[in-house]
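Undergrad: could you look at this predicted model? Sequence included:
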Amino acid sequence: MATFDLLADLPLEIERYELEALEGDTGMDQPRLTTLIHLTGGGHEGIGEDVTYDGLDHVAQQDLGPVLPLAGSWTLASFCEHVGGLDLFPAGPAIMDVSPIYRRWAFESAALDLALRQAGRSLVEQLGREPRPVNFVVSMRLGEPPTLDRLERIAATRPEIKFKLDPTNSWDEALISRLVDTDRIDSLDLKGHYRGTPVDVDTDPELYRTLAEAFPDAWLEDPDLTLAEADEALRPYRNRITWDAPIHSVADVDALPFAPEMVNVKPSRVGSLEALFHFYDVLDERGVGAYGGGQSELGVGRGQIQYLASIFHPDTPNDVAPSGFNTPVVADSEPDTPLAPAIAPTGFRWGEDS
C-alpha cells in the first residue's frame, strides 16, 4: 500500500483557522519571518508553518487575515485536493514563484496534525513505523573572509556533530587544510543552482576538484555541471554528488543528468502531502537514499521535518539541526547529534511543540 493511502481517509473537521507571526534572527541581513497556520476543529488544533522567504508575503497574508474557505467536513485527501486548487496568496501574487508550494505545505501539514489529533493517533502509529534517533549536521557558511571560529565553538562541546559547509570562491589551500584536520566535514553545498542571490558562488572546476580530493568522504551537493570543465572535474566522484535546490518531485530526480545515490528531500519544497509520501515510496523502491533539509523554520515546522527524518531517513546527513543552530550565537544548551525521538502521543508534533 502506498504510504499516503494510510492517511488519505482520515476524517478532518475544520471550524476555523488563525495565523500567527513569527520572527527570528538567523544571521541574515533581514529578520526571518514565518507564519504558523492554526487549524481548529472538534476541540483540537493542528499547526503547520509557512516558510515562504519573502517577508512582505507574510505581512500581507497576516494583514488580510484568515480569508480562505477551509471550514467543513473533509477527509485528509479531499482537504489537500481542495487546498491545491486555492489561490493561497489572496493578498496579492507571491514574490517568488516557488512560494505557493511552501504555503501549501503549511496548510497540509497543519491538516495532517489536526486529522491525527482528532483521530487520537500519532503519525508513527498511523503509518506503522518506528521512530529512530535522527542524525543531523550543522549547516553554515564560513563568512568573508572565511573563518573557522563559529565551527570550532560548536564542535568544542559536541563531539559527534559534523558539518555541512558552503564553500566559496575565497577558500584557499590553508583553509581547506584546516578543515580537513577537523575531520568533521560531512557535506559540501556547492550552490551551483543559485543565480542572482546573496549565496551565489562562481563555478570553479579547479575548486570542485580540490574539494572532492581533499574531502574523500564528503557529499558534494548541487554542483553546476552545465560547464563542461566542471562536469569533467567531478566525473570520478559522481557517486558522492547529491542534489537539493533542483529537487521538488520525482520528476526532478528523473531529469537529473545521472541517477543519484542520494537526494535532499525538503517537505516544504515538495508542498503536497501526497506528493511527499509518494516521493519517499519511489526513492525506497529505487534504493536511492534521502536526507532531510530545512528552510530556516522558526516554529513547529522544524520539529515536523525532524519527525519525518526519524521515520524515513534517520541515519543520513540530515540538515535538520534544531533551530538554535541557525542563530548567530549557538547556546550551550543545544544538543549533540543524534536527536532522540520526541514523538507526541497524537498528531504530527515533535519535542517542545508536542
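TA: Perfect, I can see it now.
Undergrad: any idea how far apart the tips of stretch 264-271 sit?
TA: 14 Å (C-alpha to C-alpha, to the nearest Å).
Undergrad: ok, stretch 216-224 next?
TA: OK, stretch 216-224 end separation, C-alpha to C-alpha: 19 Å.
Undergrad: cool, and stretch 88-97?
TA: 12 Å.
Undergrad: buried residues, that stretch. List them.
TA: 88-89, 91, 94 (16 or more other C-beta atoms under 10 Å). In short, each C-beta sits where N, CA and C put it, glycine included.
Undergrad: hmm, who's touching that stretch?
TA: For stretch 88-97, contacts defined as C-beta atoms under 8 Å, 6 or more residues apart in numbering pick out 52-54, 56-57, 60-61, 63-64, 67-68, 99-100, 103-104, 107.
Undergrad: circling back to that earlier point, and the buried residues of stretch 88-97, which of them are in helices?
TA: Using DSSP state H, no member of the buried residues of stretch 88-97 falls in helices.
Undergrad: what is the nearest of those to residue 271?
TA: Among the buried residues of stretch 88-97, residue 88 lies closest to residue 271 (C-beta to C-beta), at 10.1 Å.
Undergrad: check that closest one and give its pLDDT.
TA: For residue 88, the pLDDT comes out at 98.
Undergrad: torsion angles phi and psi at it?
TA: phi -80, psi 0 (degrees, to the nearest 10).
Undergrad: when you give positions from now on, start the count at 12
TA: Will do, 12 is the new start, and the previous item becomes residue 99.
Undergrad: roughly how far apart are it and residue 114?
TA: Going from residue 99 to residue 114 by C-beta to C-beta, to the nearest Å gives 4 Å.
Undergrad: outline the domain layout of the protein.
TA: 16-135, 138-364 (automatic domain parsing).
Undergrad: end to end, how far does the first one reach?
TA: Between the opening and closing residues of domain 16-135 lies a distance of 14 Å (C-alpha to C-alpha).
Undergrad: tell me which stretches of the stretch 12-161 of the chain form strands.
TA: 22-25, 27-35, 43-52, 55-61, 83-86, 148-151 (DSSP state E, counting those that start in this stretch).
Undergrad: closest to residue 126 out of these?
TA: strand 22-25 (4.4 Å).
Undergrad: for that closest one, packing partners?
TA: Counting contacts by 3 or more C-beta pairs under 8 Å, 6 or more residues apart in numbering; DSSP states H and E, strand 22-25 packs against strand 43-52, strand 83-86, helix 87-95, helix 110-130.
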